[in-house]
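*Asks:* model the structure of this input:
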Amino acid sequence: MRSKVVAVVVGVALVALGVILSGNALGWWSADLFFDGWWTLFLIVPGLVSLLGQGPNLANIILIGVGALLLADAQQAFGDISVWSLIMPLILVAVGATVVWKGVATPKLPVDSEGRPLPAGSQVSAVFSGSTAAYNGLPFTGATTLAVFGGVDLDLRGAIIENDVVIDATSLFGGTDIIVSPGTKVELTSVGVFGGSDSNAEPPQPGATGPVVHVRSTAVFGGLEVKVK
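*Replies:* Numbering: from 1, shown residues only. Sure, this is the predicted structure:
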């Protein structure tokens with residue numbers, strides 16, 4: 001449902017932009033698209049698209065919040081107060097709130113092909129430190145990871161994975177490495193704010209059978225990598 005909403009919103013926005021530019025070219029009107037702070041839309045619009053498509057998370061909230069602050073500053077809404085002095089404190093508040101939320105809340109889980117929620121599995125965290133979890137010869141039913149100014153290594157080589165599993169990974173000023181065996185099917189979805197996620201594992205193919213590792217990554221000034229070894 002959310003994917004349809006995102007498609008409609010993006011489609012309507014593109015149509016509206018095309019109509020405005022066409023009207024300008026034909027002389028029907030003279031619409032100035034380059035208002036003060038127009039460049040902040042490159043932060044706000046992706047944040048809104050992510051919000052509609054994936055629901056609220058730290059990455060899209062920061063994108064929208066920072067974009068809105070910079071737009072307000074460009075419009076001189078704060079007078080002589082520099083918005084740049086507010087951005088880092090607000091990011092720290094958002095990061096801290098996310099750390100607390102990750103510690104006390106149960107994440108909303110994706111579902112399998114039959115609509116059954118995938119289990120959350122184990123919790124792995126590293127805050128100003130490093131943490132390694134290896135599952136060689138052990139059952140793996142999913143994990144929730146949190147790396148804050150530290151690193152998390154999740155080693156799934158030799159793990160017993162009988163059904164689809166989900167890894168909900170958050171990297172805040174830190175890094176997350178997920179190591180899988182050759183042939184492991186990995187589906188990566190990610191949201192990054194001054195960070196990113198990458199996978200060189202084999203993605204699942206339509207109609208293929210076998211378990212899939214679903215990795216949902218949120219990287220803020222950090223990163224996640226899925227490695228095959």
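
*Asks:* excluding its backbone neighbours, what's nearest residue 126?
*Replies:* With CB to CB, 6 or more residues apart in numbering as the criterion, residue 126 has its nearest non-adjacent residue at 3.6 Å, and that residue is residue 150. Glycine gets a C-beta too; all of them are placed from N, C-alpha and C.

*Asks:* next one: residue 147
*Replies:* Nearest to residue 147 is residue 174, by CB to CB, 6+ apart, at 3.5 Å.

*Asks:* isn't the residue nearest to residue 126 up against residue 176?
*Replies:* No: under the criterion of CB atoms under 8 Å, residue 150 makes no contact with residue 176, lying 9.8 Å away.

*Asks:* between the two, who's got more neighbours?
*Replies:* Neighbour tally, residue 150 and residue 176, criterion other CB atoms under 10 Å: the higher count belongs to residue 176, 29 against 20.

*Asks:* tell me the secondary structure at the more buried one.
*Replies:* At residue 176 the chain is in strand, as set by DSSP: H, G, I helix; E, B strand; the rest coil.

*Asks:* quick one, phi psi at the residue lying farthest from the centre of the chain?
*Replies:* Distance to the chain centre peaks in the chain at residue 27, reaching 41.8 Å (criterion: CA atoms, centre = their mean). As for residue 27, its main-chain torsions (degrees, to the nearest 10) stand at phi 80, psi 20.

*Asks:* can you list the domain ranges for the protein.
*Replies:* As assigned by automatic domain parsing, the chain contains the domains 2-104, 122-228.

*Asks:* those domains into a markdown table, with extra columns for mean pLDDT?
*Replies:* Formatted as a markdown table, the domains of the chain follow (pLDDT from 0 to 100):
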| stretch | mean pLDDT |
| --- | --- |
| domain 2-104 | 72 |
| domain 122-228 | 86 |
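
*Asks:* give me whichever of these is most buried.
*Replies:* Ranked by mean neighbour count under mean count of other CB atoms under 10 Å, those are led by domain 122-228, which reaches a mean of 19.

*Asks:* starting at the chain centroid, how far to that one?
*Replies:* Relative to its parent chain, domain 122-228 has a centroid offset of 13 Å by CA atoms, centre = their mean, to the nearest Å.

*Asks:* which residue is nearest the middle of the chain?
*Replies:* Mean-position check on the chain, CA atoms, centre = their mean. Result residue 191 at 2.2 Å.

*Asks:* residue 41: what's it in contact with?
*Replies:* residue 67 (CB atoms under 8 Å, 6 or more residues apart in numbering).

*Asks:* quick check: which element contains it?
*Replies:* Taking DSSP states H and E as the definition, one finds residue 41 inside helix 41-54.

*Asks:* kindly report the same for residue 168.
*Replies:* Assigned by DSSP H and E, residue 168 falls within strand 165-172.

*Asks:* output the contacting helices and strands for that strand.
*Replies:* With contacts taken as 3 or more CB pairs under 8 Å, 6 or more residues apart in numbering; DSSP states H and E, strand 165-172 sits against helix 84-104, strand 143-148, strand 151-155, strand 175-180, strand 212-220, strand 223-228.

*Asks:* adjacent strands (with direction) for that strand?
*Replies:* Strand 165-172 pairs in its sheet with strand 143-148 (parallel), strand 212-220 (parallel), by DSSP bridges.

*Asks:* using CSV, write down the CA coordinates of it.
*Replies:* C-alpha atoms of strand 165-172 as CSV (Å, rounded to 0.1, in the frame of the first residue of the first chain):
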residue,chain,number,x,y,z
VAL,A,165,14.8,-14.0,8.6
VAL,A,166,15.1,-10.3,9.2
ILE,A,167,18.0,-8.2,10.4
ASP,A,168,17.0,-4.8,11.5
ALA,A,169,20.3,-2.9,11.6
THR,A,170,20.9,0.7,12.8
SER,A,171,24.4,2.3,12.4
LEU,A,172,24.7,5.7,14.1
